[in-house]
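> with the sequence up front, the predicted model follows.
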Amino acid sequence: MRILAASLISALVSILALTAQQTGTTIDPPAGARDVLQAKGDGFQIYVCTDTHAGLKWSLKAPDANLLDSSGKTIGRHFAGPTWSLADGSQVQGELIASKPAPEVNSVPWLLLQAKVGTATDRLANIKFIRRTETHGGVAPESGCQSSRDADKIVRIPYTATYTFYAEK
């Protein structure tokens with residue numbers, strides 16, 4: 001019985017640690033990571049009205065944004081996956097590892113993502129982390145997804161963000 005109790009406690013601690021990691025207050029990349037590219041995302045967060053076990057709610061379908069350099073020139077795109085693709089064909093996909101609320105109301109959270117193994121190519125081949133900060137807008141609406149007539153309805157909410165790409169030291 002003690003072994004079972006110890007196992008359950010251990011499992012609970014592991015789950016709590018994982019949850020804390022994904023919703024923690026820091027989105028800083030690990031020590032030694034170096035900033036290799038920064039781009040502004042300018043586009044939309046796309047939501048679909050989905051019927052869930054808890055009722056209808058807006059669910060993120062995908063981002064759809066241009067990636068802009070510091071002069072405002074389009075250098076790539078950000079889309080489902082989540083994926084970032086540069087004009088030269090380089091790309092990387094990310095997996096969420098940390099999130100924190102945006103300081104600006106009605107803005108999507110700030111995030112730290114880890115590059116999915118095997119997805120980074122060409123110019124982005126050495127990318128290990130992607131951080132989203134400086135978000136403006138992009139939050140799902142509070143209304144418009146209440147009745148069965150709303151199911152599968154899609155909305156595009158404008159947003160901007162700064163994406164910083166990091167390689168290991």
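Structure's in. What do you need?
> list the contacts for the residue lying closest to Pro158 once chain neighbours are set aside?
Leaving aside its sequence neighbours, Pro158 sits nearest to Gly137 (CB to CB, 6 or more residues apart in numbering; 5.2 Å). Placement of C-beta: from N, CA and C, glycine included. Applying CB atoms under 8 Å, 6 or more residues apart in numbering to Gly137 gives the contacts 45, 106-108, 157-160.
> same question for the host helix or strand of Gly137, mean pLDDT?
Secondary structure from DSSP states H and E places Gly137 in strand 127-137. Per-residue pLDDT values over strand 127-137 give a mean of 98.
> look at Leu67 and report its pLDDT.
At Leu67, pLDDT is 98.
> how much space between it and Pro101?
Distance of Leu67 to Pro101, given as CB to CB, to the nearest Å: 24 Å.
> Glu95 too?
Counting by CB to CB, the gap from Glu95 to Pro101 is 20 Å.
> and for Ile130?
19 Å.
> higher neighbour count, the two?
Using other CB atoms under 10 Å as the criterion, Ile130 and Pro101 rank with Ile130 on top: 25 against 13.
> how about the biggest strand by length in the chain: buried residues?
Taking DSSP state E as the criterion, the chain has its longest strand at strand 34-52. Neighbour-count burial for strand 34-52 flags 37, 39-50 (criterion: 16 or more other CB atoms under 10 Å).
> cool, stretch 161-169 as well?
161, 163-167.
> and stretch 53-73, by the same measure?
For stretch 53-73, by 16+ other CB under 10 Å, it's 56, 58, 60, 62-68.
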